[in-house]
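>>> Show me the folded form of this:
(one chain, ligands or ions: 2)
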Amino acid sequence: MDRQLSEIFIHTENLAFSYKDEEGKIESPALRGISVDIREGEYVAVLGHNGSGKSTFAKLLNLILEPTEGRLVVDGFDLTDHELTDEEVLALRRKVGMVFQNPDNQLVATIVEEDVAFGPENLGVPMPELRERVDRAIETVGMTEYAQHEPHRLSGGQKQRVAIAGVIAMLPKCIIFDESTAMLDPGGRREVLDTIRMLNREQGITVLNITHYMDEAALADRVIVINDGELLMDGTPDEVFAQRDKLQSVGLEVPQCAELVHSLRESGFAIEGEALSTVEGCEEMLFSAIEKIVG
Ligand code: ADP
Ligand code: MG
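Residues are numbered from 1 along each chain as shown. Ligands and ions are numbered 1, 2, ... in the order given. Got it, this is the predicted structure:
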């Protein structure tokens, strides 16, 4: 394997999936022709309106669903060229963890640390390694003082951090967040986003964050837009948010700061630059434009 390919963590070629209806009849594809490469350590946001196929994509990467067509390679391991054994499926699930939308559906135990231990325990991780992994995972998400608490009494953001600890105790290389902040209040959302960012930046974990919040997408290295089961856009946040009309045509908005720059440009203001994804970037572009006007 050449160096370039070995850096790619997820590789898909024409990946497709069709659900079956109640009578077992194959429906039209929920996902089709998806070809992407996601690098190890990358932070990728996945956008798309409801029903566009984002969760289906996530479930394929985690082998909750099996592709109907195409090629899927994860961490150099082709998951589509042979019938997978149970061991192979488990090994993959350990590498690619998932955190879902509803924190209450993910908590299984009555004490935080037991909840975090559930996954690695099922993998057969022995003591004292289990203890160490659980303690470290709880510490990583900043929940050490709650280790003995009852999960159902925690805030939404804290519950999601416990769910994340349960995933990282299995030492994954990649974590997929499927709208994991959608049910949280702004404070909880911030907590979870800070945790995601830290896992990516400090621990090198590859992150796929499926979200419908544009400000979350702006935090990623790269944004992928799925529409109607197909890959519509793929680029940096700045590149993607430069295409406001295309995004709007599939029911998505750009971040508010980008919207402001776009509408000022439409009204004839010359604003140079491409830094559309962050408030700081837009601010700088606006300042330079104003400086030019006032001389
Ligand atoms: P998203 O996560 O972007 O909202 P999904 O991947 O959940 O989209 O859904 C993509 C398409 O597949 C939708 O048309 C949805 O109705 C359909 N779908 C999702 N889950 C199932 C299922 N279990 N059975 C049949 N169709 C499904
Ligand atoms: Mg979904």
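
>>> contacts and neighbour counts: CA atoms only from here.
OK.

>>> does ligand 1 sit close to the host helix or strand of residue 58?
Here residue 58 is covered by helix 54-61, with elements defined by DSSP states H and E. Yes - with Cα under 6 Å from any ligand atom as the criterion, ligand 1 is reached by helix 54-61 at 54-56.

>>> Name the nearest residue to whatever residue of the stretch 101-250 of the chain ends up closest to ligand 1, sequence neighbours excluded.
Proximity of the stretch 101-250 of the chain to ligand 1 (Cα to the nearest ligand atom) peaks at residue 229, 6.8 Å away. Of all residues not flanking residue 229 in the chain, residue 31 sits nearest, at 3.9 Å (Cα to Cα, 6 or more residues apart in numbering).

>>> Please apply the same query to residue 47.
Closest residue to residue 47 apart from its sequence neighbours, by Cα to Cα, 6+ apart: residue 225 at 4.7 Å.

>>> Is the one you found located within a strand, as I assumed?
Yes - membership of residue 225 in a strand is supported by DSSP: H, G, I helix; E, B strand; the rest coil.

>>> residues near it, how many?
22 (other Cα atoms under 10 Å).

>>> who touches it in this structure?
Taking Cα atoms under 8 Å, 6 or more residues apart in numbering, we find residue 225 in contact with 46-48, 231-234.

>>> again with residue 73
Per Cα under 8 Å, 6+ apart, neighbours of residue 73: 9-12, 79-80.

>>> could those go into JSON lines alongside distance to ligand 1, pLDDT and secondary structure?
Compiled in JSON lines, those are given as follows (distance: Cα to the nearest ligand atom, whole Å; pLDDT from 0 to 100; DSSP: H, G, I helix; E, B strand; the rest coil):
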{"residue": "9", "distance to ligand 1": "21", "pLDDT": "96", "secondary structure": "strand"}
{"residue": "10", "distance to ligand 1": "18", "pLDDT": "97", "secondary structure": "strand"}
{"residue": "11", "distance to ligand 1": "19", "pLDDT": "97", "secondary structure": "strand"}
{"residue": "12", "distance to ligand 1": "17", "pLDDT": "98", "secondary structure": "strand"}
{"residue": "79", "distance to ligand 1": "20", "pLDDT": "95", "secondary structure": "coil"}
{"residue": "80", "distance to ligand 1": "20", "pLDDT": "94", "secondary structure": "coil"}
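
>>> For these, which two are the farthest from each other?
9 and 80 (15.3 Å; Cα to Cα).

>>> More neighbours: which of these two?
Neighbour count, other Cα under 10 Å: between residue 9 and residue 80, residue 9 has more, with 20 against 16.

>>> I'd guessed that one sits against residue 36; true?
No - counting by Cα atoms under 8 Å, residue 9 sits too far from residue 36 to count as a contact (10.6 Å).

>>> what comes up buried for stretch 96-108?
By 16 or more other Cα atoms under 10 Å, the buried positions in stretch 96-108 come out as 96-103, 106-107.

>>> nope, stretch 283-291 is what I meant
For stretch 283-291, by 16+ other Cα under 10 Å, it's 285-286, 289.

>>> mean confidence for that stretch?
The predicted model gives stretch 283-291 an average pLDDT of 92.

>>> The chain should start at 20 in everything you say after this.
Understood, numbering begins at 20; the last thing we discussed is stretch 302-310.

>>> what about the nearest residue to residue 289 once chain neighbours are set aside, helix or strand, and which?
Spatially, and ignoring its direct neighbours in sequence, residue 289 is nearest to residue 308 (6.7 Å; Cα to Cα, 6+ apart). If you go by DSSP H and E, residue 308 is part of helix 298-313.
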